[in-house]
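Asks: Below is the sequence, then the predicted model.
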Amino acid sequence: MPQFATNTALPRYLRNEQERIRGIAEDFGLDFFSTIFEMLSYDQMNEIAAYGGFPNRYPHWRWGMDYERLSKSNEYGLSKIYELVINNNPSIAYLLEGNSLIDQKLVMCHVYGHVDFFKNNFAFRATDLDRAGPAVQPVGAGPSYNPNRRWIDKLANHASFIRRIIDKQGIDAVESLIDQCLSLDNLIDPWSPFMARDKAPDEEPEDKREIVVPRIPAKEYMDEFINPEEYILEQKKRLEKLRDVEAKHPVKPQQDVLLFLLENAPLERWERAILEIVRSEAYYFLPQMQTKIMNEGWASYWHSRMMTEKVCDASEILDYADNNAGVMATSEQQLNPYKLGVELYRSIEERWNRGQFGREWELCDNLDQKKDWDRKLGAGRDKIFEVRSLYNDVTFIDEFLTEEFAVERKLFTFSWSNRNERFEVQSRGFREVKEQLLFQLTNHGNPFIFVENANHENRGELLLSHEHRGVDLRTDYCEQAMIALNRLWKRPVCLMTTTDGKPVMMRYDGELKVEEVSG
Amino acid sequence: MSLKVDQDHSRFKNIVRGKIRQNLRRYISQGEMLGRKGKDLVSIPIPQIDIPRFTFGKNNAGGVGQGDGEPGDAVGSSEQEQEGAGEAGEQEGNHILEVDVTLDELAEILGEELELPDIENKGNSRIKSSKDRYTGIRRIGPESLRHFRRTYREALKRQVATGTYDPRKPIIIPQKEDKRFRSWKENNEPIANAVIIYMMDVSGSMGDEQKEIVRIESFWIDTWLRKQYEGLESRFIIHDAVAREVDRDTFFHTRESGGTMISSAYRLCEQLIDDHYPADEWNIYPFHFSDGDNWSMDDTLSCIEILKKSILPRSNMFAYGQVESPYGSGQFIKDLREHFREDERVVTSEIQDKDGIVGSIKDFLGKGR
């Protein structure tokens, strides 16, 4: 029996607090899965955090690396993990032993915010294990909605499955295959869970139609001589062959590269199993990356309301504020998702309370009038609940980050200056700020890469394309990722991309060649 | 208590040390061990292995920040990233995590990692002096030691809690129980003087890489001994066929050509001790680095003579580090070992490459002399 799960139950006084806070959260209208809190020591917390919040993961060195990083930065006082909660039904949250009571309460409030988000945000529908087919109805069905999200069990199963493979294949082989798969685990399609998969087409596609060899027009009695039968047959065979060659697979470019490899790469059974595991875990963590700002913002919004309105008494409020200020601090380098999120929710709430939206509001250009605009609608609360269900970070920022907000919060863009070798403030323009933010969030910060053709140049080579949106790929990493692809595809792989404004074709067949493509 | 992650952890450490899966080692974010050295701060990078993915080139990207500043102003510092409190996500950090530690802490870490024993003082320098340091806070104490900010904060807290705080008239009146005072701890510190005499062979066969090794090694030795001794001095001697005393900077950046007479350095060292460092007041540490290619057997013999006669009796230990170079024969270390096999005071160590540094520091300092 591992140390985990023994002696981790909450002491009584915290159980009482939990009951109280759960009640408060319900009164505020939050709707969450039942949530189990566990108390962990530093070591255990670092271990669990290194495992991404789960007690059991397959053996891999990178957990060890994360563990080292977490425990070192903890030892040197750089950071500590206050809370950890995983998207599971029931949800599991961890409290750190030795935190002050006020911290524990704060964490509990925060956690209930997260769990409400897990349950209700549409993106997390993709993690329902009992979902058959695409998640067509993206919004939660209220309190009765009780999906199977036993990911703890699933990941533990993955772990024991991979351990069995290791027993047969040896740790080095398995680990390096996992490394290769991880190199590619960002090549997935965030919308895949919502797509009705193209079934393998039953009816013959159009290109299987009878091929008609064009005939030279001739009078009927001459036809036999001008278009001799043998020639026509010969031509037909040639065209058929050509057609089979040209038939492109996949028919449309496919963003879920991992799925494509699963279905088409010549993998052994154990290799396929590992790839499948890596892919399914990548999809599990995807919604959290797509909603980082919203999720943290939502949890922070609620912890601050619950703490200040209900939970804290006067003697605790300062400690709470002190603590909260630490969590909300922004650095210049990185926007703090907690802060940006919570401020956006507040801004939405206020705008909808005062009716600052819609056509009339947008057409108004009288600043004074806008400043005092208050239609006393009181629709703010409903609006933010709706937003937390239906948006992800991209749409959230796109729709609700207004110019007023950007100016007030002093947002700016920065970029690398080659001349001064440092990051410099670039612009305070609203358009630039928004574009940059959206760019960073789109496809959760990953380049768009598609499978174009599985039979490139009729040599069975895999052709991928990178949809260039202004920023080049990092070349050395590109090469490594292509090596990984090559390992799985077992034939040369090619990538079309753009470097320094020029289209290039990279090809890896044991070594990387980069060629400029003309035209 | 054993954790499940221990297995993964040791696997990771083995990868970092290059014991397994050598090809992964390339992605370890390298940082010079000595990092940026602020006043007394050193940053040590925690090794990270990046999993290479299709990703955007780094410096092209930029981002969005929040705060003051005109276009063209620098943003934060570009290297450091502090971990915020929060969820551990699945994404790997792109940054090298650096930890700033003081030299003192660094020495402690070094001591722990290498299990170095504290050094036993020799001679009559075991007198301790006590010294007060203000390190803590307590509730009682003289007014002169009152900690204003902490007191103010306590008073503010109390007034807010009891509802007597009026934001329109924010007057804070501390009461007796609000007061906080600085408190001190008495530290006994040995007064001990120590001198390290670094000697380095700068003859033609010592290349840049060899010197880099000496530089790193001497940094660590410095750091460790500085923690052990209050007043630590360092002297630097370079030699080829002749020896001379130089400053730190010259020591590391001189390149001479020509032959090697190690005895010249030892003679100069002997003289230095004669002139400045009486053995009953000083802990003396001569360190000599060379590629081990001495001019002649005669010279080697006179080296041994000097060591035996005058250097060793007065030193805590004598350390000889032999850096492997493509040219040197490396004979000298064998001669030393032969002559001083029984003598604990002579420590020799062969340093093959940068990875050998840690091992040789352990050789040198592991005896606690």
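Replies: Received it, and whenever you're ready, just let me know what you need.

Asks: Distance check, the residue in the stretch 1-150 of chain A that chain B sits nearest to against residue A:186.
Replies: Closest contact between the stretch 1-150 of chain A and chain B, by Cβ to the nearest Cβ, is at residue A:64 (3.4 Å). Quick note: C-beta positions are derived from backbone N, CA and C, even for glycine. Distance, residue A:64 to residue A:186, using Cβ to Cβ, to the nearest Å: 22 Å.

Asks: for residue A:178, same thing?
Replies: Distance from residue A:178 to residue A:186, by Cβ to Cβ: 15 Å.

Asks: May I have the residues that are in contact with the residue of the stretch 1-150 of chain A closest to chain B?
Replies: For residue A:64, the contacting residues are A:50, B:5, B:7-13, by Cβ atoms under 8 Å, 6 or more residues apart in numbering or on different chains.

Asks: now do residue A:109
Replies: By Cβ under 8 Å, 6+ apart, the contact set of residue A:109 is A:21, A:24-25, A:302-303, A:306-307, A:311.

Asks: surely residue B:284 meets residue B:270?
Replies: No - taking contacts as Cβ atoms under 8 Å, residue B:284 lies outside contact range of residue B:270: 10.9 Å.

Asks: Could you check which of those two has the larger neighbour count?
Replies: residue B:284 (23 against 18; other Cβ atoms under 10 Å in any protein chain shown).

Asks: Could you say which helix or strand holds the more buried one?
Replies: Per DSSP states H and E: residue B:284 is located in strand B:282-290.

Asks: Likewise for residue A:465?
Replies: strand A:461-467.

Asks: ok, back up a step: distance of the residue of the stretch 1-150 of chain A closest to chain B relative to residue A:443?
Replies: In terms of Cβ to Cβ, residue A:64 sits 29 Å off from residue A:443.

Asks: next one: residue A:292
Replies: According to Cβ to Cβ, residue A:292 stands 14 Å off from residue A:443.

Asks: Residue A:25 too?
Replies: 33 Å.

Asks: quick one: which of these two has more around it?
Replies: Each of residue A:25 and residue A:443 has its neighbours counted (other Cβ under 10 Å); residue A:25 has more, 25 against 19.

Asks: Spatially nearest residue to the more buried one (excluding sequence neighbours)?
Replies: Take residue A:25 and drop its neighbours on the chain: the residue closest to it by Cβ to Cβ, 6 or more residues apart in numbering or on different chains is residue A:112, 4.1 Å away.

Asks: In a strand, the one you found, correct?
Replies: No - counting by DSSP: H, G, I helix; E, B strand; the rest coil, one finds residue A:112 to be helix, located in no strand.

Asks: Which residues are in contact with it?
Replies: Listed by Cβ under 8 Å, 6+ apart, the contact set of residue A:112 reads A:21-22, A:25, A:30, A:32, A:35, A:302, A:306.

Asks: got the domain boundaries for the chain?
Replies: Picked chain A for this. With domains defined by automatic domain parsing, chain A comprises A:206-246, A:329-433, A:447-516.

Asks: my question was about chain B
Replies: Using automatic domain parsing, the domain parsing of chain B gives B:9-52+B:95-102, B:132-188, B:191-365.

Asks: got these as a markdown table, with distance to chain A and mean pLDDT columns?
Replies: Below are the domains of chain B laid out as a markdown table (distance: least, Cβ to the nearest Cβ, whole Å; pLDDT from 0 to 100):
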| stretch | distance to chain A | mean pLDDT |
| --- | --- | --- |
| domain B:9-52+B:95-102 | 3 | 59 |
| domain B:132-188 | 4 | 86 |
| domain B:191-365 | 17 | 82 |
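
Asks: Can you tell me which of those is packed in deepest?
Replies: domain B:191-365 (a mean of 19; mean count of other Cβ atoms under 10 Å in any protein chain shown).

Asks: Please tell me how far the residue nearest to residue A:25 sits from residue B:354.
Replies: Distance, residue A:112 to residue B:354, using Cβ to Cβ: 52 Å.

Asks: Would you mind writing the CA trace of the helix or strand that contains residue B:151 as PDB?
Replies: Using DSSP H and E, residue B:151 falls within helix B:148-162. Extracted C-alpha coordinates of helix B:148-162, given in PDB (Å, rounded to 0.1, in the frame of the first residue of the first chain):
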ATOM      1  CA  PHE B 148       8.400  49.800  14.000                       C
ATOM      2  CA  ARG B 149       6.800  48.100  11.000                       C
ATOM      3  CA  ARG B 150       5.900  44.900  12.800                       C
ATOM      4  CA  THR B 151       4.500  46.800  15.700                       C
ATOM      5  CA  TYR B 152       2.500  49.000  13.400                       C
ATOM      6  CA  ARG B 153       1.100  46.000  11.600                       C
ATOM      7  CA  GLU B 154       0.000  44.300  14.700                       C
ATOM      8  CA  ALA B 155      -1.700  47.400  15.900                       C
ATOM      9  CA  LEU B 156      -3.400  47.900  12.600                       C
ATOM     10  CA  LYS B 157      -4.600  44.300  12.700                       C
ATOM     11  CA  ARG B 158      -6.000  44.600  16.100                       C
ATOM     12  CA  GLN B 159      -7.700  47.900  15.400                       C
ATOM     13  CA  VAL B 160      -9.300  46.500  12.200                       C
ATOM     14  CA  ALA B 161     -10.400  43.400  14.100                       C
ATOM     15  CA  THR B 162     -11.900  45.300  17.000                       C
END
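
Asks: which outside residues touch it?
Replies: A:314-315, A:317-319, B:137, B:165, B:172-175, B:177-180.

Asks: Among these, which lie within strands?
Replies: residue B:137 (DSSP state E).

Asks: With respect to residue B:239, which of the contacts of helix B:148-162 is nearest?
Replies: Of all these, residue B:239 sits closest to residue B:137, with 54.0 Å by Cβ to Cβ.

Asks: which non-adjacent residue is nearest the closest one?
Replies: Leaving aside its chain neighbours, residue B:137 sits nearest to residue B:180 (5.2 Å; criterion: Cβ to Cβ, 6+ apart).

Asks: before we move on, back to that, would you tell me what the next helix or strand after the strand holding residue A:465 is?
Replies: Using DSSP H and E, the next helix or strand after strand A:461-467 towards the C-terminus is helix A:475-489.

Asks: For that following helix, enumerate the helices and strands it packs against.
Replies: Packing contacts for helix A:475-489, counted by 3 or more Cβ pairs under 8 Å, 6 or more residues apart in numbering or on different chains; DSSP states H and E, involve helix A:171-183, helix A:257-264, strand A:461-467, strand A:493-499, strand A:502-508.

Asks: For that helix, list every residue counted as buried.
Replies: A:477-489 (16 or more other Cβ atoms under 10 Å in any protein chain shown).

Asks: Distance to residue A:227 added to the residues you listed, as a markdown table?
Replies: Output for the buried residues of helix A:475-489, formatted as a markdown table (distance: Cβ to Cβ, whole Å):
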| residue | distance to residue A:227 |
| --- | --- |
| A:477 | 57 |
| A:478 | 52 |
| A:479 | 53 |
| A:480 | 56 |
| A:481 | 53 |
| A:482 | 49 |
| A:483 | 53 |
| A:484 | 53 |
| A:485 | 48 |
| A:486 | 48 |
| A:487 | 51 |
| A:488 | 49 |
| A:489 | 44 |
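
Asks: thinking again about what came up before, quick one: closest of the helices and strands packed on helix A:475-489 to chain B.
Replies: helix A:171-183 (5.0 Å).

Asks: what comes into contact with the helix or strand just after that closest one?
Replies: Sequence order places helix A:220-226 as the next helix or strand after helix A:171-183, per DSSP H and E. Residues outside helix A:220-226 that contact it (Cβ under 8 Å, 6+ apart): A:215-216, A:218.

Asks: at 10 Å instead, please
Replies: Here helix A:220-226 makes contact (Cβ atoms under 10 Å, 6 or more residues apart in numbering or on different chains) with A:215-219, A:229.

Asks: Out of those residues, flag the one nearest to chain B.
Replies: Taking Cβ to the nearest Cβ as the measure, chain B sits nearest to residue A:215 out of the contacts of helix A:220-226, at 49.7 Å.

Asks: Now the nearest residue to the closest one once chain neighbours are set aside, what are its backbone angles?
Replies: Nearest-residue entry for residue A:215: residue A:227, 4.6 Å, with adjacent residues in sequence omitted and distances by Cβ to Cβ, 6+ apart. For residue A:227, the backbone dihedrals are phi -120, psi 80 (criterion: degrees, to the nearest 10).
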